[in-house]
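Chemist: what's the 3D shape of this:
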Amino acid sequence: HILDNVTTYWLTGTGASAARSYWEAYGPDAPAAGQKPLPASSIPFGFTTFPGEIWRTPRSWVEASYPNVVYFNEVDRGGHFAAWEEPELFSKEMCAAFRSLR
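Modeler: The predicted structure follows:
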């Protein structure tokens, strides 16, 4: 599985963009490093939390950064790599989130 994941990032050239969120969250300019947090975004936002994720994000935390939450769901399986671990469930969640934008 590890080689599959690395190969996917390598062949599609998406390794840097996939790592960007980690750099923004934990890099030297991250809010956790004592910097001012980014302002909340008003764009419509959909969020699914998976039980095997690094941490389960409560809705209140999501709404603190994204006050316009149009979809929020807690599912019973999947983890940090939900699209690979549970592709059918992940796809259903994506569709449900986009449907709520209509």
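
Chemist: how about the helices in this protein?
Modeler: Using DSSP state H, the helices found in the chain span residues 2-12, 15-26, 59-65, 82-85, 87-99.

Chemist: which ones are touching Thr48?
Modeler: Residues near Thr48 by Cβ atoms under 8 Å, 6 or more residues apart in numbering: Tyr71, Phe72, Asn73, Glu74, Val75, Ala82, Glu93, Ala97. Every residue, glycine included, has its C-beta placed from N, CA and C.

Chemist: output those residues in a markdown table; the columns should cover neighbour count and pLDDT.
Modeler: What follows is the contacts of Thr48, written out as a markdown table (neighbours: other Cβ atoms under 10 Å; pLDDT from 0 to 100):
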| residue | neighbour count | pLDDT |
| --- | --- | --- |
| Tyr71 | 17 | 98 |
| Phe72 | 18 | 98 |
| Asn73 | 14 | 98 |
| Glu74 | 13 | 97 |
| Val75 | 15 | 97 |
| Ala82 | 19 | 93 |
| Glu93 | 21 | 98 |
| Ala97 | 18 | 97 |
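
Chemist: check contacts around Phe98.
Modeler: For Phe98, counting by Cβ under 8 Å, 6+ apart, the contacting residues are Gly46.
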